[in-house]
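Undergrad: missing the sequence, but the structure's below:
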Ligand code: GTQ
């Protein structure tokens, strides 16, 4: 009898499948997992590799409405298998963009939020709703969701920067919209670099902005000179055990993340500093502005130096080490603002082994088939 019932139940499972219904009694554990279940893998790209290919694209590709941006993006290898194009993590995209002297990357807008972090060169600008901000190495520039933006270059050397967009997040929420502007360059509004003149450190609000709404951030560009000074001041105190001397970039009017959805963080690791391991739900993509060292992710050593990028997947143990003689500066983007807002964020500290992981492997780039 029990056997007959078992057979009938198996039959029911098969019948359900045929009509696109599912037996939760079989699948609950796959759907509601006890811990984050995902296929984002950690990965690292050397600067030399990225730059070489980007420069090749500089030789081969002209910008225009056919190809609006010259960008090489970081593709998470395991997510590519699922056709998730441009997913560096489940929520975040990172690209590296090259603009040559005299070029214009034409104006458009999209519902993805974007941030730029300047890596190399100067004389280029991003225009956000017509306000131009000129780029210098180490600056963070925001392009809030649905703002018009174009990039131009009035200097003499190539300019390279990091783009961070919430591509995976927006796609999973089915919220992507894109619109090209009717002309290549959006009409210029106000003085150049206006937002940094107006808000500079982010600690003060000009009186004419007393009634200004908090979103989007009135500060578009966070200058490296300011960020560096802030980290130097912070270094007079004890470091954070997990992140060293680290700050989140914030919207001066709300005190919340500078971009509504993409978290942005800069951290300084002093020579010899070895942070303790922890893990959290939010994922991140790191760029090494300066320095050399390694990050251990789930027991694997990811060795980095200036210019490199690496992916930190959700819920992965990680700790950072500065092996160089100089301060290391790590810029990263993350999806913490979303995880926080949706009440999904959790953090766990690594308690074994004095808080440090054992290294079981050293990362090497996958060799292609
Ligand atoms: O510069 O507007 O890397 O729209 C991806 C999409 C850069 C940009 C990217 C974009 C941009």
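TA: Arrived safely, thanks for sending. Remember, predicted model here, so these are calculated numbers, not experimental data.
Undergrad: Span of stretch 346-359 from start to end?
TA: Counting by C-alpha to C-alpha, to the nearest Å, you get 24 Å between the two ends of stretch 346-359.
Undergrad: So which bits of the chain are right by the ligand?
TA: Counting by C-beta under 6 Å from any ligand atom, the residues of the chain lying close to the ligand are 69, 71, 95, 97, 105, 110, 114, 149, 163, 165. From N, CA and C alone the C-beta is placed, and that goes for glycine too.
Undergrad: And these, which is closest to residue 24?
TA: residue 165 (35.7 Å; C-beta to C-beta).
Undergrad: Number of residues surrounding the closest one?
TA: 25 (other C-beta atoms under 10 Å).
Undergrad: Quick check: bridge partners of it?
TA: residue 93, residue 114 (DSSP bridges).
Undergrad: quick one, strands of the stretch 201-350 of the chain?
TA: Secondary structure of the stretch 201-350 of the chain (DSSP state E, counting those that start in this stretch): strands located at 221-222, 245-248, 263-269, 278-280, 284-290, 292-297, 300-305, 309-312, 318-322, 328-334, 347-349.
Undergrad: Make CSV from the ones you listed and add distance to residue 118 and mean pLDDT to it.
TA: Compiled in CSV, the strands of the stretch 201-350 of the chain are given as follows (distance: least, C-beta to C-beta, whole Å; pLDDT from 0 to 100):
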stretch, distance to residue 118, mean pLDDT
strand 221-222, 9, 98
strand 245-248, 18, 98
strand 263-269, 13, 98
strand 278-280, 27, 98
strand 284-290, 10, 99
strand 292-297, 20, 98
strand 300-305, 18, 98
strand 309-312, 15, 98
strand 318-322, 22, 98
strand 328-334, 10, 98
strand 347-349, 30, 98
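Undergrad: Deepest in the core, which of those is it.
TA: Among the strands of the stretch 201-350 of the chain, strand 221-222 has the highest mean neighbour count (mean count of other C-beta atoms under 10 Å), at a mean of 27.
Undergrad: need the contact list for residue 41.
TA: 76-78, 311, 313 (C-beta atoms under 8 Å, 6 or more residues apart in numbering).
Undergrad: rerun at 6 Å
TA: The contact partners of residue 41, by C-beta atoms under 6 Å, 6 or more residues apart in numbering, come to residue 78.
Undergrad: Which strand or helix spans it?
TA: Assigned by DSSP states H and E, residue 41 belongs to no helix or strand.
Undergrad: Check the gap between it and residue 297 for me.
TA: Counting by C-beta to C-beta, to the nearest Å, the separation of residue 41 from residue 297 is 9 Å.
Undergrad: what's the answer for residue 43, then?
TA: Residue 43 is 10 Å from residue 297, by C-beta to C-beta.
Undergrad: Check residue 79 too.
TA: Counting by C-beta to C-beta, the gap from residue 79 to residue 297 is 16 Å.
Undergrad: Residue 201 too?
TA: Per C-beta to C-beta, residue 201 is found 34 Å from residue 297.
Undergrad: One more: residue 123?
TA: Taken as C-beta to C-beta, the span from residue 123 to residue 297 is 37 Å.
Undergrad: quick revisit: dump the residues of the chain next to the ligand to CSV, plus secondary structure and distance to residue 285.
TA: Compiled in CSV, those are given as follows (DSSP: H, G, I helix; E, B strand; the rest coil; distance: C-beta to C-beta, whole Å):
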residue, secondary structure, distance to residue 285
69, coil, 18
71, strand, 14
95, strand, 10
97, strand, 15
105, strand, 21
110, strand, 19
114, strand, 13
149, strand, 20
163, strand, 11
165, strand, 11
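Undergrad: Quick check: pLDDT value at residue 1.
TA: For residue 1, the pLDDT comes out at 62.
Undergrad: check contacts around residue 246.
TA: 240, 265, 267.
Undergrad: and residue 9, that's in a strand?
TA: No - read with DSSP: H, G, I helix; E, B strand; the rest coil, residue 9 is helix and lies in no strand.
Undergrad: ok, it - how many residues close by?
TA: Neighbours of residue 9 (other C-beta under 10 Å): 13.
Undergrad: can you check residue 30 too?
TA: 8.
Undergrad: next one: residue 230
TA: 19.
Undergrad: what do you get for residue 110?
TA: Residues near residue 110, counting by other C-beta under 10 Å, number 19.
Undergrad: distance of the nearest residue to it once chain neighbours are set aside from residue 338?
TA: The shortest distance from residue 110 to any non-neighbouring residue, by C-beta to C-beta, 6 or more residues apart in numbering, is to residue 178 (4.5 Å). Counting by C-beta to C-beta, the gap from residue 178 to residue 338 is 21 Å.
Undergrad: same thing with residue 279?
TA: For residue 279, the distance to residue 338 - C-beta to C-beta - is 17 Å.
Undergrad: same thing with residue 254?
TA: Counting by C-beta to C-beta, the gap from residue 254 to residue 338 is 16 Å.
Undergrad: Report the contact partners of the closest residue to residue 245 other than its chain neighbours.
TA: Using C-beta to C-beta, 6+ apart and skipping residues adjacent in sequence, the residue nearest residue 245 is residue 268, 4.3 Å away. Contacts for residue 268 (C-beta under 6 Å, 6+ apart) come out as 231, 245, 327, 329.
Undergrad: try 10 Å this time
TA: Each residue near residue 268 by C-beta atoms under 10 Å, 6 or more residues apart in numbering is listed here: 227-228, 230-232, 234-235, 239, 243-247, 289-291, 322, 327-330.
Undergrad: repeat for residue 215
TA: 144-145, 251, 253-254, 256, 260.
Undergrad: Greatest separation within those residues: which pair is it?
TA: 145 and 253 (16.7 Å).
Undergrad: This completes my enquiry, with thanks.
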